[in-house]
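*Asks:* Based on what follows, work out the 3D shape:
(2 chains)
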Amino acid sequence: MKKSLLWMMVLVLCISMVAAFSLYGCKKEVVEEVEEEVAEVVEEVEEEVVEEVEEAQPITIDYWENFIGDSEAQKWAIEQIMAKYPNLTLNSVNYITTDMEMKLQTALPSGTGPDIVYVGVQPSILGRYANADLAYPLTEGVEKYGWDKKVFQWAQSLCTYKGELYGLGHEFEVLGLFYNKKIFKELDLKVPETLEDLEAVMDKIKKNSDYDPIFYGCGEGAPNAIHMYNALAYAYVPVSKVMNTTADGDGSYLEPEWKEALQVLERWEKAGYFNSDALDWAWEGHWGSFTRGECAMLAQGSWLFKTLSDSAAENPDVLDLGWTAFPVPEGKPFQAYTGVGSGWWLTNNLKDDPVKREIAFEFLDLLISDEAIAKWVAEDQIFPAVLIPPEVQLNELQIAAFEVAERAGKDGGGAAPICWYNSAEETDAWVKGFQGLLLGETDIDTIIANVEAALKKAQEEWEE
Amino acid sequence: MKKQIHLIAQFHNIRQNIDTGFRDPVSIRRKITRRSVMYILTFFLFLLPAFGIYGTFTLFPLVRLFILSFQDWDGISRYPKWIWLENYKSVFQSQDFWLALRHNLWWVLLALIPVVLGLALAIVLHQSKPRGRNIYRTIIFLPYTLAIVVVALMFQWMYQSKTGQLNTLLRLIGLESLTHNWLGDPNTALTSLAMAGAWGGYGFCMVLFLAGLSNIDPLLYDAAQVDGAGPWQKFLHITLPGLANTLNIVILIVFIYTMRVFDFVFITTQGGPIDSTQVLATIIYRETFKYYNVGYGSALSVITLLITLLASLIYITLRERGPK
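*Replies:* Below is the predicted model of the structure:
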């Protein structure tokens, strides 16, 4: 027994030695050739398997999205992909953003949850999942569908982590100033071109009418206060600094321009330019007093074009909608917010499933195809962050938005995404600050100190 | 089943024999070992499904929560870091925690209003026995059946400073000076929310008290009447002692519910303005799911659990020791 064992060991040792020496003796070229052949064979087999699977087995792709559940373009893309693959079920689930973020956090690390996601592409969401290897890079899709040539370059760089594209940025957003043409006509006001003009217009409205000059919503989540401050910040803080004051940058809120913008906000509050019920307003319906014709202006962006246009169409007696750039102080270069709100990205659940992955890439390509773009623009009034084909007709507001975005880069200013691209903790610090400022319970230095602390914490975490 | 009964009976016989010392101890021990193992096995087999469900859905998450509270984890990365008591230290050093705890305790105090109101309504309905008593009972209980989301949204609209019904009513009756931004003012936001919570709660308390009142012997009231006791004396010496157990249960339920209140705040103010309505559950949610501090959020949850348990135990002990 012992003897036979010994013989077997000697035999195994000999075989291993022969194998090792022969491999060592192989020329590099020969090894490469063999590797290439093997790779080709594997690829062929994979393709065959894919074809077989595509023909036979039912495939289910889970897709979680926020905001665009009712969009015609998305419905069209889902119909197209399901028509092409009869064995495919694409489960599309619409979530409230906070709800989805919470569910993603528990689902993805446990290997469950969606295959495709439509949610924030900022460092605090997509960046976090990319770093934890829970998001799947889009490199294969870029190579196959040429997205790098189609999607705006800046939108690509916003969704790039660890040197790879992880998200397809959508909802090209431009922050500006809605105004009610009826009120402007009634009070004989001109559309403001500089920040000084805007202050003069607000002053006139305050003195000569019962209208609130500009809407301010500072309740739960303070959606409008954040936009209002963003608008002011883009007017004062150079774009290079804005872009760097994020979790993955090394900027700081201690730069004087941030304080300058806050001082303007405080001055406007004290002058009574804002509605008195600012603390009552959360996200839902915060534009209500503007659409009812109680407020003359509203600092918001292209994401509300459809909602406000519909309101204006329903209430032509009180609202005649106008939209323009949010002005900057005289003599300063023009800057604007032209970021992407959300975007599509794939989860790592697709890592080991080439068939589903292939279909997922195809679905993403459908969502930004020319046919879909036409629907996004015409029916959903959302801009994909891609080159719009010339045959797609833009409406008056959309043209204005594109002009603002174009103008932002021309005179030395630029375009920047802000705030939403920072951590939730920092956003909360801002909200608390705006509310405190409105109630007279905090001062600008405290706000700056709090947001700076939140920013530094996020930057440290990002470093880790 | 028969076999089981037989086994159990035999086991009891053996136990009896051991106690009385009739048989040879060695043979008895052998028999006990065989049969009692069978008995215990059967016992545990019957328990297994219930224990499995309880263990999976209650014990395991609790144990996991305790483990997480000793770790630094963002909920996403693969390797949580053990930091032992650091999370607990951070919680106790955090101003937010103490602020939220104070808010919870204030809410607990205000939650006694529906208890008192429920008790008063129950006594009125029980003693006056009006026609259509069940209809009154249903109407009073109705708010409790509404989903909290609905109640919260309803009160959010009612509290609106410009268009809300509360301020409109105050203006209509000439009390414009009392109009207020109820949820927008940090001084009134928490109390306004607690009042909205109370609106849904008094019907529930009333139903429990009505059940308790029906258990009090009516002869006691008759006897008291004969002895010349007034309504207040009857309430103090018959009703209240008779409702002691119900009152205990109601107060405990209200306390536990209030310590974990979340939905009302989350739907209406999300803890604002400037943290004036932040409660323990909202900061647990915020830290765990918004800020990705899962370890810290777990430590907060454990502390909240312990506070609720401890306070409940103290209350029960005090009630047990107090006057019967």
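*Asks:* any idea of the mean pLDDT in stretch A:73-85?
*Replies:* Stretch A:73-85 comes out with an average pLDDT of 95.
*Asks:* now do stretch B:261-281
*Replies:* Mean predicted confidence for stretch B:261-281 is 93.
*Asks:* what distance separates that stretch from the middle of the whole chain?
*Replies:* 19 Å (CA atoms, centre = their mean, to the nearest Å).
*Asks:* Check stretch A:302-311 too.
*Replies:* The chain centroid and the centroid of stretch A:302-311 are separated by 19 Å under CA atoms, centre = their mean.
*Asks:* Need the residues that contact it.
*Replies:* Residues outside stretch A:302-311 that contact it (CB atoms under 8 Å, 6 or more residues apart in numbering or on different chains): A:171-174, A:176, A:178, A:287, A:290-291, A:300, A:319, A:321, A:323, A:341, A:380-383, A:395, A:397-398, A:401. The way it works is simple: take the backbone N, C-alpha and C, and place the C-beta from them, glycine included.
*Asks:* B:A299 is in contact with B:T288, correct?
*Replies:* No - B:T288 is beyond contact range of B:A299, at 10.4 Å (criterion: CB atoms under 8 Å).
*Asks:* Which among the contacts of stretch A:302-311 count as buried?
*Replies:* The neighbour count (16 or more other CB atoms under 10 Å in any protein chain shown) marks A:171-174, A:176, A:178, A:287, A:290-291, A:300, A:319, A:321, A:323, A:341, A:380-383, A:397-398, A:401 as buried among the contacts of stretch A:302-311.
*Asks:* Keep only those of these that are in helices.
*Replies:* Within these, residues falling in helices by DSSP state H are A:290-291, A:397-398, A:401.
*Asks:* which SS class is the residue in the stretch 151-300 of chain A that chain B sits nearest to?
*Replies:* Of all residues in the stretch 151-300 of chain A, the one sitting closest to chain B is A:L279 (3.0 Å; CB to the nearest CB). Three-state call for A:L279 (DSSP: H, G, I helix; E, B strand; the rest coil): helix.
*Asks:* ok, for it, nearest residue in space, not its chain neighbours?
*Replies:* B:G184 (3.0 Å; CB to CB, 6 or more residues apart in numbering or on different chains).
*Asks:* Any stretches of the stretch 201-350 of chain A with poor pLDDT?
*Replies:* Along the stretch 201-350 of chain A, the model assigns pLDDT under 70 to no residue.
*Asks:* on that earlier part again, who's more crowded, B:T288 and B:A299?
*Replies:* Shown here are B:T288 and B:A299; by other CB atoms under 10 Å in any protein chain shown, B:A299 has more neighbours (29 against 23).
*Asks:* Correct me if wrong: the more buried one contacts B:Q71.
*Replies:* No - when contacts are counted by CB under 8 Å, B:A299 is not listed as touching B:Q71 (9.5 Å).
*Asks:* Against A:W345, how distant is A:D115?
*Replies:* Taking CB to CB, to the nearest Å as the measure, A:D115 and A:W345 are separated by 10 Å.
*Asks:* can you list the residues of the stretch 1-150 of chain B near chain A?
*Replies:* B:74-78 (CB under 8 Å from any CB of the partner chain).
*Asks:* Could you chop the chain up by domain?
*Replies:* Looking at chain A here, since you left the chain open. According to automatic domain parsing, chain A comprises the domains A:27-57, A:58-172+A:340-391, A:175-337+A:397-463.
*Asks:* wrong one, chain B
*Replies:* Taken from automatic domain parsing, chain B resolves into B:2-68, B:89-321.
*Asks:* Looking from chain A, tell me which residue of chain B is nearest.
*Replies:* For chain B, CB to the nearest CB, closest residue to chain A: B:G184, 3.0 Å.
*Asks:* That residue - how many residues pack around it?
*Replies:* Applying other CB under 10 Å, I find that B:G184 has 27 neighbouring residues.
*Asks:* circling back: between B:A299 and B:Q71, what contacts are shared?
*Replies:* B:N87.
*Asks:* May I have the helix or strand where A:A83 lies as CSV, with CA atoms only?
*Replies:* Using DSSP states H and E, A:A83 sits in helix A:72-84. Extracted in CSV, the C-alpha atoms of helix A:72-84 (Å, rounded to 0.1, in the frame of the first residue of the first chain):
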residue,chain,number,x,y,z
GLU,A,72,-43.6,58.0,-23.8
ALA,A,73,-40.0,57.5,-25.0
GLN,A,74,-39.4,54.9,-22.3
LYS,A,75,-42.6,53.1,-23.0
TRP,A,76,-41.6,53.0,-26.7
ALA,A,77,-38.2,51.6,-25.9
ILE,A,78,-39.6,48.9,-23.7
GLU,A,79,-42.1,47.9,-26.3
GLN,A,80,-39.3,47.7,-29.0
ILE,A,81,-37.0,45.6,-26.9
MET,A,82,-39.7,43.2,-25.9
ALA,A,83,-41.0,42.9,-29.4
LYS,A,84,-37.5,42.0,-30.6
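*Asks:* In contact with the closest residue in space to A:R128 that isn't next to it in sequence, which residues?
*Replies:* Among residues not flanking A:R128 along the chain, B:I76 sits closest, at 6.0 Å (CB to CB, 6+ apart). By CB under 8 Å, 6+ apart, the residues touching B:I76 are A:105, A:108-109, A:128-129, A:132, A:134, B:292.
*Asks:* which stretches of the stretch 251-400 of chain A form strands?
*Replies:* For the stretch 251-400 of chain A, applying DSSP state E, counting those that start in this stretch gives strands covering A:295-301, A:321-325, A:335-336, A:343-347.
*Asks:* Please identify the most buried of these.
*Replies:* With neighbours taken as mean count of other CB atoms under 10 Å in any protein chain shown, the strands of the stretch 251-400 of chain A reach their highest mean count in strand A:335-336, at a mean of 27.
*Asks:* what's next to it, contact-wise?
*Replies:* Strand A:335-336 has contacts (CB under 8 Å, 6+ apart) with A:174-176, A:234-235, A:238-239, A:242, A:325-326, A:328, A:404-405, A:407-408, A:413-416.
*Asks:* Out of those, which sit inside strands?
*Replies:* A:175-176, A:325, A:414-415 (DSSP state E).
*Asks:* closest to A:A453 among these?
*Replies:* Proximity to A:A453 was ranked across the ones in strands among the contacts of strand A:335-336 by CB to CB; first place goes to A:L175, at 26.1 Å.
*Asks:* give me every residue that touches that closest one.
*Replies:* Listed by CB under 8 Å, 6+ apart, the contact set of A:L175 reads A:227, A:230-231, A:234, A:299-301, A:326, A:336-338.
*Asks:* And it, how close does it get to A:F326?
*Replies:* A:L175 is 6 Å from A:F326, by CB to CB.
*Asks:* Can you narrow the ones in helices among the buried ones among the contacts of stretch A:302-311 down to the ones near chain B?
*Replies:* Okay, of those, nothing touches chain B (CB under 8 Å from any CB).
*Asks:* number of nearby residues for the closest residue to B:R260 other than its chain neighbours?
*Replies:* Once flanking residues are discounted, B:R260 sits nearest to B:A281: 5.4 Å by CB to CB, 6+ apart. For B:A281, the count of nearby residues is 21 (other CB under 10 Å).
*Asks:* State the helix or strand in which B:A281 lies.
*Replies:* helix B:280-285.
*Asks:* What are the buried residues along that helix?
*Replies:* B:280-285.
*Asks:* Cool, thanks, talk later.
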